[in-house]
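J.: here is the input, now give the coordinates:
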Amino acid sequence: MNMNLKKLHLQGGVSSNSYIREKFLKLGKKQGVEIFFPDPKLCTDNAAMIASSGYYNYIAEKTSDMKLNAVPNLKIGS
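T.: Residues are numbered from 1 along each chain as shown. From the prediction side, this is the model:
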């Protein structure tokens with residue numbers, strides 16, 4: 001699939017992975033696509049925040065049954 005990309009910006013927690021950065025830079029050079037990354041200290045993800053929220057809900061005995069489905073804009077908290 002040719003999307004005529006000229007530039008690509010990776011972000012989020014995964015973009016701090018040095019292996020992924022290296023592979024994208026090589027692929028970008030091969031394909032003629034300029035690749036951009038933020039500084040690794042700015043590449044965060046929210047896994048720790050979600051884990052913490054889950055922990056505190058669990059110890060407060062706030063659990064869900066197996067019918068729970070992913071909701072991307074679900075509010076966290078009470």
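J.: what about the strands in this protein?
T.: For the chain, applying DSSP state E gives strands covering 7-9, 34-36.
J.: between the ones you listed, which one is nearest to residue 74?
T.: Evaluated with Cβ to Cβ, the strands of the chain place strand 7-9 nearest to residue 74, the distance being 26.9 Å. The C-beta positions use only the backbone N, C-alpha and C, and glycine is treated the same way.
J.: pull up the pairing partners for that closest one, direction included.
T.: strand 34-36 (parallel) (DSSP bridges).
J.: where does the protein have low pLDDT?
T.: For the chain, the stretches with pLDDT under 70 are 1-2, 77-78.
J.: hang on, the earlier thing: any chance of the strands of the chain in JSON lines, with distance to residue 45 and mean neighbour count too?
T.: Formatted as JSON lines, the strands of the chain follow (distance: least, Cβ to Cβ, whole Å; neighbours: other Cβ atoms under 10 Å):
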{"stretch": "strand 7-9", "distance to residue 45": "16", "mean neighbour count": "11"}
{"stretch": "strand 34-36", "distance to residue 45": "18", "mean neighbour count": "14"}
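J.: same list, these, but as TSV with distance to residue 22 please.
T.: Shown next, in TSV, are the strands of the chain (distance: least, Cβ to Cβ, whole Å):
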stretch	distance to residue 22
strand 7-9	15
strand 34-36	10
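J.: can you map out the helices along this structure?
T.: For the chain, applying DSSP state H gives helices covering 18-31, 47-59.
J.: which of the strands of the chain sits closest to residue 18?
T.: Across the strands of the chain, closest to residue 18 is strand 34-36 (Cβ to Cβ), at 13.6 Å.
J.: how far is that closest one from where the chain is centred?
T.: 18 Å (Cα atoms, centre = their mean, to the nearest Å).
J.: same deal with stretch 33-40?
T.: Relative to its chain's centre, stretch 33-40 lies at 15 Å (Cα atoms, centre = their mean).
J.: and it, end to end?
T.: End-to-end distance of stretch 33-40 (Cα to Cα, to the nearest Å): 21 Å.
J.: stretch 35-49 now?
T.: Terminal residues of stretch 35-49 lie 29 Å apart, using Cα to Cα.
J.: list the buried residues in it.
T.: In terms of neighbour count (16 or more other Cβ atoms under 10 Å), stretch 35-49 has its buried residues at 35, 37, 43.
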